[in-house]
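[1] Below: sequence and its predicted model.
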Amino acid sequence: MFTATLIAAPGGLEPSLTESLRNAWGGGDVQWLSPDEAAEFTLAEMPGNLWDVWADLQGMRVDLAMQRSEGRRKAMLLADMDSTMIQQECIDELAEAAGVGAHVREITARAMNGELDFEGALLERMALLKGLPEAVIGEVLQTRITYAPGGAALVATMRSNGGYTALVSGGFTAFTGPVAAALGFDEDRANALIIEDGELTGDVARPILGRQAKIDALDEIAARLGLSADDVMAVGDGANDLGMLGRAGAGVALHAKPVVAAECDLRINHGDLTALLYLQGYARSEFVQG
(Lines give C-alpha, C1' and ligand atoms only; values in the text may rest on other atoms or scores of the structure.)
Protein backbone atom coordinates (compact mmCIF):
# COMPACT_ATOMS: atom_id res chain seq x y z
CA MET A 1 0.00 0.00 0.00
CA PHE A 2 1.17 3.52 -0.86
CA THR A 3 0.16 6.93 0.45
CA ALA A 4 0.01 10.02 -1.74
CA THR A 5 0.43 13.31 0.13
CA LEU A 6 -0.37 16.72 -1.35
CA ILE A 7 1.01 19.80 0.39
CA ALA A 8 0.78 23.50 -0.43
CA ALA A 9 1.14 26.79 1.37
CA PRO A 10 -1.90 27.46 3.61
CA GLY A 11 -4.94 28.05 1.42
CA GLY A 12 -3.16 26.75 -1.67
CA LEU A 13 -4.64 23.25 -1.97
CA GLU A 14 -8.02 23.04 -3.67
CA PRO A 15 -10.31 20.18 -2.56
CA SER A 16 -11.39 19.73 -6.19
CA LEU A 17 -7.78 19.15 -7.27
CA THR A 18 -7.25 16.56 -4.55
CA GLU A 19 -10.48 14.72 -5.35
CA SER A 20 -9.71 14.78 -9.06
CA LEU A 21 -6.30 13.20 -8.56
CA ARG A 22 -7.69 10.62 -6.14
CA ASN A 23 -10.35 9.66 -8.69
CA ALA A 24 -7.87 9.51 -11.58
CA TRP A 25 -5.62 7.15 -9.62
CA GLY A 26 -8.40 5.12 -8.04
CA GLY A 27 -7.27 5.97 -4.51
CA GLY A 28 -8.96 5.60 -1.13
CA ASP A 29 -10.85 8.27 0.77
CA VAL A 30 -9.15 11.64 1.02
CA GLN A 31 -7.96 12.48 4.54
CA TRP A 32 -7.42 16.18 5.19
CA LEU A 33 -4.42 16.80 7.44
CA SER A 34 -4.99 20.55 7.29
CA PRO A 35 -7.86 22.24 5.43
CA ASP A 36 -6.76 23.67 2.07
CA GLU A 37 -3.11 22.88 2.88
CA ALA A 38 -2.39 19.15 3.18
CA ALA A 39 -4.27 15.96 2.30
CA GLU A 40 -3.52 12.30 1.67
CA PHE A 41 -5.05 9.15 0.25
CA THR A 42 -3.92 5.57 -0.18
CA LEU A 43 -3.20 3.68 -3.39
CA ALA A 44 -2.74 0.00 -4.08
CA GLU A 45 0.23 0.59 -6.37
CA MET A 46 2.65 3.28 -7.51
CA PRO A 47 1.19 5.31 -10.42
CA GLY A 48 3.15 5.04 -13.65
CA ASN A 49 2.68 8.75 -14.39
CA LEU A 50 3.74 9.96 -10.93
CA TRP A 51 6.45 12.35 -12.07
CA ASP A 52 4.39 13.79 -14.91
CA VAL A 53 1.66 14.60 -12.40
CA TRP A 54 4.27 15.91 -9.96
CA ALA A 55 5.55 18.32 -12.61
CA ASP A 56 2.04 19.53 -13.41
CA LEU A 57 1.31 20.15 -9.73
CA GLN A 58 4.54 22.08 -9.30
CA GLY A 59 3.10 24.57 -11.77
CA MET A 60 0.18 24.95 -9.36
CA ARG A 61 2.56 25.39 -6.40
CA VAL A 62 1.53 22.06 -4.90
CA ASP A 63 3.97 19.41 -3.69
CA LEU A 64 3.21 15.72 -4.23
CA ALA A 65 4.93 12.88 -2.40
CA MET A 66 4.44 9.13 -2.72
CA GLN A 67 5.59 6.72 0.01
CA ARG A 68 4.90 3.23 1.22
CA SER A 69 2.19 3.56 3.82
CA GLU A 70 3.87 1.32 6.37
CA GLY A 71 6.55 2.93 8.50
CA ARG A 72 5.95 6.53 7.42
CA ARG A 73 6.11 7.91 10.96
CA LYS A 74 9.79 8.13 11.86
CA ALA A 75 11.57 7.82 15.20
CA MET A 76 14.45 10.17 14.40
CA LEU A 77 14.97 13.46 12.57
CA LEU A 78 18.39 14.33 11.14
CA ALA A 79 18.45 17.88 9.85
CA ASP A 80 20.87 20.11 7.99
CA MET A 81 21.05 23.65 9.39
CA ASP A 82 22.03 26.26 6.81
CA SER A 83 19.23 27.08 4.34
CA THR A 84 17.19 24.29 5.98
CA MET A 85 16.49 24.95 9.67
CA ILE A 86 17.66 28.56 9.27
CA GLN A 87 17.23 30.76 6.22
CA GLN A 88 20.88 31.73 5.78
CA GLU A 89 24.31 30.21 5.18
CA CYS A 90 26.28 31.17 8.29
CA ILE A 91 29.63 31.35 6.55
CA ASP A 92 28.16 33.80 4.03
CA GLU A 93 26.90 36.02 6.83
CA LEU A 94 30.32 36.01 8.51
CA ALA A 95 31.84 36.87 5.14
CA GLU A 96 29.54 39.88 4.79
CA ALA A 97 30.86 41.17 8.09
CA ALA A 98 34.41 40.56 6.85
CA GLY A 99 33.79 42.48 3.62
CA VAL A 100 34.18 39.45 1.34
CA GLY A 101 30.52 38.51 1.10
CA ALA A 102 30.06 38.35 -2.67
CA HIS A 103 33.14 36.17 -3.22
CA VAL A 104 32.26 33.73 -0.44
CA ARG A 105 28.60 33.49 -1.52
CA GLU A 106 29.71 32.46 -4.99
CA ILE A 107 31.91 29.68 -3.58
CA THR A 108 29.13 28.54 -1.24
CA ALA A 109 26.60 28.35 -4.06
CA ARG A 110 28.95 26.27 -6.20
CA ALA A 111 29.76 23.94 -3.30
CA MET A 112 26.07 23.41 -2.46
CA ASN A 113 25.38 22.68 -6.13
CA GLY A 114 28.02 19.97 -6.05
CA GLU A 115 30.38 21.84 -8.39
CA LEU A 116 33.22 22.03 -5.84
CA ASP A 117 34.70 19.64 -3.29
CA PHE A 118 33.05 20.50 0.03
CA GLU A 119 36.16 20.38 2.22
CA GLY A 120 38.28 22.34 -0.23
CA ALA A 121 35.58 24.96 -0.63
CA LEU A 122 35.19 25.27 3.14
CA LEU A 123 38.90 25.82 3.69
CA GLU A 124 39.08 28.33 0.83
CA ARG A 125 36.26 30.36 2.38
CA MET A 126 37.67 30.08 5.89
CA ALA A 127 40.99 31.52 4.75
CA LEU A 128 39.11 34.65 3.69
CA LEU A 129 37.77 35.07 7.24
CA LYS A 130 41.17 35.07 8.92
CA GLY A 131 41.40 37.85 11.49
CA LEU A 132 37.64 38.32 11.88
CA PRO A 133 36.88 39.16 15.54
CA GLU A 134 35.19 36.35 17.45
CA ALA A 135 32.56 38.83 18.67
CA VAL A 136 31.16 38.98 15.14
CA ILE A 137 29.72 35.49 15.60
CA GLY A 138 27.36 36.71 18.30
CA GLU A 139 26.42 39.75 16.23
CA VAL A 140 25.58 37.56 13.23
CA LEU A 141 23.47 35.24 15.38
CA GLN A 142 21.50 38.17 16.77
CA THR A 143 21.07 40.29 13.66
CA ARG A 144 21.38 38.09 10.57
CA ILE A 145 20.06 34.62 11.40
CA THR A 146 16.35 33.81 11.02
CA TYR A 147 14.64 30.48 11.57
CA ALA A 148 12.89 28.67 8.75
CA PRO A 149 9.08 28.55 9.18
CA GLY A 150 7.76 25.40 10.81
CA GLY A 151 11.07 24.24 12.25
CA ALA A 152 10.21 24.58 15.92
CA ALA A 153 6.88 22.76 15.41
CA LEU A 154 8.63 19.98 13.49
CA VAL A 155 11.15 19.35 16.26
CA ALA A 156 8.66 19.72 19.11
CA THR A 157 6.07 17.44 17.51
CA MET A 158 8.53 14.68 16.75
CA ARG A 159 10.04 14.86 20.23
CA SER A 160 6.63 14.82 21.90
CA ASN A 161 5.88 11.63 19.98
CA GLY A 162 9.06 9.94 21.19
CA GLY A 163 11.31 10.96 18.30
CA TYR A 164 14.98 11.93 18.61
CA THR A 165 16.23 15.03 16.81
CA ALA A 166 19.76 15.85 15.69
CA LEU A 167 21.10 18.91 13.88
CA VAL A 168 24.07 18.02 11.66
CA SER A 169 25.83 20.78 9.75
CA GLY A 170 28.85 21.35 7.59
CA GLY A 171 28.87 24.76 9.25
CA PHE A 172 30.07 25.63 12.73
CA THR A 173 29.32 24.60 16.30
CA ALA A 174 29.30 28.29 17.23
CA PHE A 175 26.00 28.44 15.33
CA THR A 176 24.58 24.93 15.68
CA GLY A 177 24.76 25.11 19.48
CA PRO A 178 22.51 28.19 19.83
CA VAL A 179 20.24 27.12 16.93
CA ALA A 180 19.80 23.60 18.33
CA ALA A 181 19.00 25.02 21.77
CA ALA A 182 16.50 27.52 20.38
CA LEU A 183 14.67 24.91 18.30
CA GLY A 184 14.82 22.14 20.90
CA PHE A 185 17.09 19.60 19.18
CA ASP A 186 18.46 16.76 21.29
CA GLU A 187 22.00 17.17 19.91
CA ASP A 188 24.05 18.96 17.28
CA ARG A 189 27.21 18.27 15.31
CA ALA A 190 29.25 20.65 13.16
CA ASN A 191 32.76 21.94 12.52
CA ALA A 192 34.66 23.81 15.24
CA LEU A 193 36.15 27.18 14.36
CA ILE A 194 39.72 27.69 15.54
CA ILE A 195 39.97 30.96 17.45
CA GLU A 196 43.12 32.51 18.90
CA ASP A 197 43.47 35.82 20.73
CA GLY A 198 39.80 36.63 20.04
CA GLU A 199 40.09 36.24 16.27
CA LEU A 200 39.29 33.55 13.69
CA THR A 201 42.49 31.90 12.47
CA GLY A 202 40.98 31.08 9.08
CA ASP A 203 40.85 27.35 9.81
CA VAL A 204 38.62 24.70 11.40
CA ALA A 205 39.40 21.70 13.59
CA ARG A 206 39.93 18.32 11.98
CA PRO A 207 38.34 16.06 10.95
CA ILE A 208 36.10 18.27 8.82
CA LEU A 209 32.41 17.40 9.01
CA GLY A 210 31.27 17.04 5.41
CA ARG A 211 29.12 14.70 3.35
CA GLN A 212 30.47 11.42 4.78
CA ALA A 213 30.31 12.71 8.35
CA LYS A 214 26.58 13.31 7.96
CA ILE A 215 26.10 9.70 6.87
CA ASP A 216 28.24 8.58 9.81
CA ALA A 217 26.15 10.71 12.17
CA LEU A 218 22.96 9.06 10.92
CA ASP A 219 24.40 5.58 11.40
CA GLU A 220 26.01 6.31 14.77
CA ILE A 221 23.02 8.03 16.36
CA ALA A 222 20.55 5.47 15.01
CA ALA A 223 22.69 2.59 16.31
CA ARG A 224 22.97 4.25 19.72
CA LEU A 225 19.18 4.52 19.88
CA GLY A 226 18.60 0.99 18.62
CA LEU A 227 17.12 2.25 15.36
CA SER A 228 17.79 1.48 11.71
CA ALA A 229 18.28 3.93 8.85
CA ASP A 230 14.69 3.18 7.81
CA ASP A 231 13.51 4.80 11.06
CA VAL A 232 15.13 8.13 10.13
CA MET A 233 13.77 11.16 8.32
CA ALA A 234 16.59 13.37 7.00
CA VAL A 235 16.19 16.84 5.50
CA GLY A 236 18.61 19.06 3.62
CA ASP A 237 19.14 21.22 0.57
CA GLY A 238 22.77 20.96 -0.58
CA ALA A 239 25.02 18.48 -2.33
CA ASN A 240 26.77 17.59 0.94
CA ASP A 241 23.37 16.36 2.22
CA LEU A 242 22.84 13.81 -0.55
CA GLY A 243 24.55 10.98 1.30
CA MET A 244 22.35 11.21 4.38
CA LEU A 245 19.23 11.85 2.29
CA GLY A 246 19.88 8.66 0.36
CA ARG A 247 20.68 6.68 3.50
CA ALA A 248 17.60 7.69 5.51
CA GLY A 249 14.32 5.84 5.25
CA ALA A 250 12.80 9.18 4.21
CA GLY A 251 15.20 11.71 2.70
CA VAL A 252 13.51 15.06 2.05
CA ALA A 253 14.98 17.64 -0.34
CA LEU A 254 13.61 20.89 1.09
CA HIS A 255 13.71 23.92 -1.23
CA ALA A 256 16.80 22.17 -2.52
CA LYS A 257 19.31 22.85 -5.27
CA PRO A 258 18.16 21.19 -8.54
CA VAL A 259 21.05 18.71 -8.49
CA VAL A 260 19.92 17.58 -5.03
CA ALA A 261 16.18 17.42 -5.74
CA ALA A 262 16.84 15.34 -8.85
CA GLU A 263 18.21 12.52 -6.69
CA CYS A 264 15.43 12.53 -4.08
CA ASP A 265 11.95 11.05 -4.32
CA LEU A 266 10.63 13.33 -1.55
CA ARG A 267 10.80 16.97 -2.63
CA ILE A 268 9.22 19.92 -0.85
CA ASN A 269 9.37 23.15 -2.83
CA HIS A 270 6.26 25.03 -1.69
CA GLY A 271 5.51 23.91 1.88
CA ASP A 272 7.58 24.81 4.94
CA LEU A 273 9.22 22.49 7.48
CA THR A 274 5.82 21.32 8.77
CA ALA A 275 5.55 19.48 5.45
CA LEU A 276 7.81 16.86 7.05
CA LEU A 277 5.08 16.24 9.60
CA TYR A 278 2.41 15.92 6.92
CA LEU A 279 4.63 13.42 5.10
CA GLN A 280 4.52 11.29 8.25
CA GLY A 281 0.73 11.52 8.48
CA TYR A 282 0.49 14.07 11.29
CA ALA A 283 -2.53 16.37 11.13
CA ARG A 284 -2.09 20.05 11.99
CA SER A 285 -4.25 19.44 15.06
CA GLU A 286 -1.47 17.15 16.34
CA PHE A 287 1.30 19.73 15.97
CA VAL A 288 3.13 20.78 19.10
CA GLN A 289 4.37 24.35 19.02
CA GLY A 290 8.02 24.67 20.00
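    Arrived safely.
[2] Show me which residues of the longest helix seen in the chain are buried.
    Counting residues, the longest helix found in the chain (DSSP state H) is helix 211-225. Residues 211, 213-218, 221-222, 225 are the ones in helix 211-225 that count as buried (16 or more other CB atoms under 10 Å). Using the backbone N, CA and C atoms, a C-beta is placed for each residue, glycine as well.
[3] after it comes which helix or strand?
    The element immediately downstream of helix 211-225 (helix or strand, assigned by DSSP states H and E) is strand 232-236.
[4] Just checking: what are the partner strands of that next one?
    strand 76-79 (parallel), strand 250-254 (parallel) (DSSP bridges).
[5] Next, the angle helix 211-225 makes with it.
    Strand 232-236 and helix 211-225 meet at an angle of 150 degrees, taking axes from the mean of the first three to the mean of the last three CA atoms, to 10 degrees as the criterion.
[6] Give me the contact list for strand 232-236.
    Contact with strand 232-236 is made by 74-80, 84, 214, 218, 222, 241-242, 244-245, 247-254, 256, 260, 273, 276, 279-280, as judged by CB atoms under 8 Å, 6 or more residues apart in numbering.
[7] With stretch 19-37 instead?
    4-15, 18, 38-44, 47, 53, 271, 278, 281-284.
[8] Same question for stretch 121-140.
    Residues from elsewhere that reach stretch 121-140 (CB under 8 Å, 6+ apart): 90-91, 93-95, 97-98, 100, 103-104, 107-108, 110-111, 170, 174-175, 191, 193, 195, 198-204, 208, 210.
[9] three-state assignment of Arg206?
    Counting by DSSP: H, G, I helix; E, B strand; the rest coil, the backbone at Arg206 sits in coil.
[10] tally of neighbours for Asp52?
    By the other CB atoms under 10 Å criterion, the neighbourhood of Asp52 contains 10 residues.
[11] sec struct for it, please.
    Going by three-state DSSP: Asp52 is helix.
[12] so Leu116 makes contact with Arg110?
    Yes: here Leu116 reaches Arg110: they are 4.8 Å apart, a contact under CB atoms under 8 Å.
[13] and the two? which has more neighbours close in?
    Using other CB under 10 Å as the criterion, Leu116 and Arg110 rank with Leu116 on top: 17 against 13.
[14] so how far is the first residue of stretch 128-135 from its last?
    End-to-end distance of stretch 128-135: 17 Å, with CA to CA, to the nearest Å as the criterion.
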